[in-house]
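Engineer: Just the structure for this:
(2 chains)
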Protein chains: 2
Amino acid sequence: MARPTPLSGFPEWLPADRIVERHIIDTLASTFELHGYAEINTRAVETIEQLSRKGEIDKEVYAVNRLHAEPGEERNPLGLHFDLTVPFARYVVENAGKLVFPFKRYQIQPVWRGERPQDGRFREFIQADIDVVGDGELPAFFEVEVPLILAEVFGKLRDIGVPPMTIQVNNRKLLEGFSLGVGIDDVSGVLRALDKLDKIGPDAVGQLLADECGANDEQVRLCLALAQIEGDDASVVDDVRALGVTHPLLDEGLEALAGLMTAASERAPGAIRAQLKIARGLDYYTGTVYETVVSGHEDLGSVCSGGRYDNLASSGTKTYPGVGISLGVTRLMSRLVGRGLVSAGRRVPTVVLVTVADEDSRADADRIAGQLRARGISAEVSPNSSKFGKQIRYADRRGIPYVWFGSSDGDQVKDIRSGDQTDADANAWTPPSEDLRPAISAT
Amino acid sequence: MARPTPLSGFPEWLPADRIVERHIIDTLASTFELHGYAEINTRAVETIEQLSRKGEIDKEVYAVNRLHAEPGEERNPLGLHFDLTVPFARYVVENAGKLVFPFKRYQIQPVWRGERPQDGRFREFIQADIDVVGDGELPAFFEVEVPLILAEVFGKLRDIGVPPMTIQVNNRKLLEGFSLGVGIDDVSGVLRALDKLDKIGPDAVGQLLADECGANDEQVRLCLALAQIEGDDASVVDDVRALGVTHPLLDEGLEALAGLMTAASERAPGAIRAQLKIARGLDYYTGTVYETVVSGHEDLGSVCSGGRYDNLASSGTKTYPGVGISLGVTRLMSRLVGRGLVSAGRRVPTVVLVTVADEDSRADADRIAGQLRARGISAEVSPNSSKFGKQIRYADRRGIPYVWFGSSDGDQVKDIRSGDQTDADANAWTPPSEDLRPAISAT
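Structural biologist: A predicted model of the protein is given here:
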């Protein structure tokens, strides 16, 4: 074949970078499981009808059809899921009788978006989602649990050189209650205006509030003052109260925020930041909302977003409220790889290359490798029996740290980084634990 | 939404079954890594052109199009990959300059086939592939390595109750050399006839050989005698030689088979069986071929197939020979789940449910759960502070084995299976290791 070129929007990693991605995915999965979240995988396709339930989003859907479908065959047209929330909601309703609620699940899978090719956006990317969904009701403390789990993941990812990530939170009830409290009924208008704050600045937002929502000077002043409030602990609640606005819904929102910030400042200091200007997604979410910025990489946008929704799904008279958050694994990876921020110490899992003196002794080398593997040490046998120097270069090019020499006089193992060579027994020798798996670290 | 019904051909598992599937996938991945295989993931889509390279297969392809594509936009139409070999071959050629050869990779991902809906076949299923690919050349001992790695996986899967699996092997060169040695030049005709042996029996195959390949009685007798040869060790080679047929290509095939069966009978006794009637895939593969039957579930067909190919891919003057094998994870899972052969001991990863006496003490329960998690013990906090009996039922319905009671007088932990309740310290208590993860076993 002619050498193919990559397809724009469909990233793939070389083996060494896949090791980094797998470490991130394993860290997510093991942390989610430590908190009792069960894994599910859903099929890649949903009916176009399911995918269209939110309206406009169907613009981004990839439709799937049998290439040689017969006319009229596809009565139930399919598309690739564009997120993991739509399939999860469908899965919950489909299997409701077989699940136990509150149902805590995690899901790490690719999603697809039929972005315009020239956008340079991802068309296939991995997301990692956790959600808790209740049957009819869901206590507010899950709005605290979900971001704290991600903060725990981010803490672990710091160990391999991933830059610090901060989860920014706000609350729909707080903003809605505040709007109503200052006397602006057009809550959506306020959210739309605040959403533009970083882009157009406070003066223009004030003008928008006046023009679009009919806000007077005092109302504008209060909204802009609210949007400036931010902080790492529950003191932000006092800052809001100091503005003197009151409304029952505002109280509800402040109580939820206080609970979250109290827990966050105690259990994950600095990882979660109240940021009351955040308005994105507030038209969809009904309680706490989350966005996540990577320090020094704010241009990436939010890599981890979510929130509370009172109606993830409904079926008949039942509703399923939920709270969830979704990490863009590929978005994060693309930055780590693209900027060379994090790398794996080798491109293979192999710890030991067992050399082969001549082809007649290949079975001996196989036996040595088997003894090492039986004790969990990844080993491969040299694919050739050329000069040892060439076999060592085979190991070196892959980053394999140790080379083994079998002999009837007794075996030896060489650390090819230091050159140290010592007597060794394949049934007993163990490498330092940091060599057992490829080391992943900041570059 | 109305309660959705499953889409035929797109299996999904409940959380407890996903635990079984994950165990299988993790066993595959960790065994592959012990042997030095590096993981890659490829994108879900290839160009239709790439997918069509093998000809007829494009009938089964799912095409992918932006639902709202503009006319003329898709100059490079895409489809979902139907196996992992086509994307791997493309990946090798695309990244050849950045890979080191022989390149050993594993890949565990879904594939899609646009089967006719009424076939009841899978339209989305997970495959687990390993391949070794060389740059220009690839030593024959990799034809031994690849099935032995799968035999090692199958041995480990026996521990969770998966029925025994036998890898059946044959060799293209052996059959081709034998045909030529007995004087039948129409090798493809011989392969096609032998492929029907189990279905139509030896007499009808003999007739086919006579009618289609012009074989005389003696040639028919020899071919049928060859097809009956099978065995667990290198003695099958003597059985072939006893037929008195000679040809240089037959010698090559017998030497390869002898090497494989010698290693197999030593390193994985009984796991690999020479079965000289196997002809499926021999038109594609060029050396050893593999098929795998599950004992007692022969109706499933082969769950793990592969072989040696001298030309996985080529680019310019370069060719990349390879040897690989592919396990149908979903095919195996569907039988394990469908027949209830294997099950997980609980449907959540949680080891301990920390009870909550009242909502004021929820923070204490969170702290206890955090202490357990810090030592790798999956813990969740009760979502309610109702009577302890109800909280214990919450644990029981999920299969969570332990319930924790925090108290200022000292904590206690209860094994809800035995009823045993003992004093415990969240910074020190450890469950028996078999409780740390859901036990998976034969049902």
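
Engineer: Which of the helices or strands spans residue A:215?
Structural biologist: Assigned by DSSP states H and E, residue A:215 belongs to no helix or strand.

Engineer: if I pick it, what's in contact with it?
Structural biologist: Counting by C-beta atoms under 8 Å, 6 or more residues apart in numbering or on different chains, residue A:215 touches A:182, A:184, A:206, A:209, A:223. C-beta here means a position set from N, CA and C on the backbone, and glycine is covered the same way.

Engineer: now swap in residue A:440 and tell me
Structural biologist: Contacts for residue A:440 (C-beta under 8 Å, 6+ apart) come out as A:19, A:20, A:23, A:160, A:161, A:342, A:343, A:344, A:345.

Engineer: quick one, phi psi at it?
Structural biologist: Phi and psi for residue A:440, reported as degrees, to the nearest 10, are phi -120, psi 130.

Engineer: Chain neighbours aside, what residue packs nearest to it?
Structural biologist: Excluding the flanking residues, the one nearest residue A:440 by C-beta to C-beta, 6 or more residues apart in numbering or on different chains is residue A:160, at 4.4 Å.

Engineer: Would you quantify the distance from the one you found to residue A:368?
Structural biologist: Taking C-beta to C-beta, to the nearest Å as the measure, residue A:160 falls 32 Å from residue A:368.

Engineer: ok, these two, which is more surrounded?
Structural biologist: residue A:368 (23 against 19; other C-beta atoms under 10 Å in any protein chain shown).

Engineer: Can you verify my assumption that the more buried one contacts residue A:404?
Structural biologist: Yes: using C-beta atoms under 8 Å, residue A:368 is in contact with residue A:404, at 6.1 Å.

Engineer: Name the residues contacting each of these two.
Structural biologist: Joint contacts of residue A:368 and residue A:404 (C-beta under 8 Å, 6+ apart) are A:354, A:379, A:411, A:426.

Engineer: Would you mind giving both backbone torsions of the last one?
Structural biologist: Pointing back at residue A:426 there. According to degrees, to the nearest 10, residue A:426 has phi -60, psi -20.

Engineer: What separation do you get for it and residue A:35?
Structural biologist: 40 Å.

Engineer: now the third one
Structural biologist: Taking C-beta to C-beta as the criterion, residue A:411 is separated from residue A:35 by 45 Å.

Engineer: Centroid-nearest residue for chain A?
Structural biologist: Nearest residue to the geometric centre of chain A (C-alpha atoms, centre = their mean): residue A:327, 2.3 Å.

Engineer: The strand or helix carrying that residue and chain B, any residue contact?
Structural biologist: Element membership for residue A:327, per DSSP H and E: strand A:318-328. No: using C-beta under 8 Å from any C-beta of the partner chain, strand A:318-328 stays clear of chain B, coming no nearer than 9.9 Å.

Engineer: Give me the packing partners of the helix or strand following that strand, helices and strands only.
Structural biologist: Under the assignment DSSP H and E, the closest C-terminal helix or strand after strand A:318-328 is helix A:329-338. Judged by 3 or more C-beta pairs under 8 Å, 6 or more residues apart in numbering or on different chains; DSSP states H and E, the packing partners of helix A:329-338 are helix A:15-34, strand A:124-133.

Engineer: For the residue in the stretch 251-400 of chain A positioned nearest to chain B, give me its contacts.
Structural biologist: Residue of the stretch 251-400 of chain A nearest chain B, by C-beta to the nearest C-beta: residue A:380 (3.4 Å). Residue A:380 is in contact with A:348, A:350, A:352, A:353, A:354, A:369, A:400, B:35, B:36, B:104, counting by C-beta under 8 Å, 6+ apart.

Engineer: go with 10 Å
Structural biologist: By C-beta atoms under 10 Å, 6 or more residues apart in numbering or on different chains, the contact set of residue A:380 is A:348-354, A:365, A:369, A:372-373, A:394-395, A:398, A:400, B:34-37, B:102, B:104, B:145.

Engineer: before we move on, what about residue A:311?
Structural biologist: When contacts are counted by C-beta under 10 Å, 6+ apart, residue A:311 touches A:89, A:286, A:319, A:320, A:321, A:322.

Engineer: follow-up on the earlier one: with distance to residue A:313 and mean neighbour count added, can I get the helices and strands packed on helix A:329-338 in a markdown table?
Structural biologist: What follows is these, written out as a markdown table (distance: least, C-beta to C-beta, whole Å; neighbours: other C-beta atoms under 10 Å in any protein chain shown):
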| stretch | distance to residue A:313 | mean neighbour count |
| --- | --- | --- |
| helix A:15-34 | 21 | 20 |
| strand A:124-133 | 8 | 23 |
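
Engineer: Which one, of these, ends up nearest to residue A:195?
Structural biologist: Between residue A:195 and the helices and strands packed on helix A:329-338, the tightest spacing by C-beta to C-beta is seen for strand A:124-133, at 22.7 Å.

Engineer: what is the orientation angle of that closest one with helix A:329-338?
Structural biologist: For strand A:124-133 against helix A:329-338, the angle by axes from the mean of the first three to the mean of the last three C-alpha atoms, to 10 degrees is 130 degrees.

Engineer: shouldn't residue A:105 be in contact with residue A:29?
Structural biologist: No: counting by C-beta atoms under 10 Å, residue A:29 is not a contact partner of residue A:105; they are 11.9 Å apart.

Engineer: overlap in contacts of the two?
Structural biologist: Any residue near both residue A:105 and residue A:29 by C-beta under 10 Å, 6+ apart counts here, and that gives A:37, A:39.

Engineer: For the residue nearest to the centre of chain A, give me the pLDDT.
Structural biologist: Here the pLDDT value assigned to residue A:327 is 98.

Engineer: same deal with residue A:1?
Structural biologist: Note for residue A:1: predicted pLDDT of 67.

Engineer: what residue ranges in chain A score low on pLDDT?
Structural biologist: A:1, A:54-59, A:74, A:117-120 (pLDDT under 70).

Engineer: what's the domain layout of it?
Structural biologist: As given by automatic domain parsing, the domain ranges for chain A are A:15-180+A:216-343, A:352-442.

Engineer: which one of these has the most crowded surroundings?
Structural biologist: The highest mean neighbour count among the domains of chain A, using mean count of other C-beta atoms under 10 Å in any protein chain shown, belongs to domain A:15-180+A:216-343: a mean of 19.

Engineer: okay, how far is it across that domain, tip to tip?
Structural biologist: Taking C-alpha to C-alpha, to the nearest Å, domain A:15-180+A:216-343 runs 11 Å from one end to the other.
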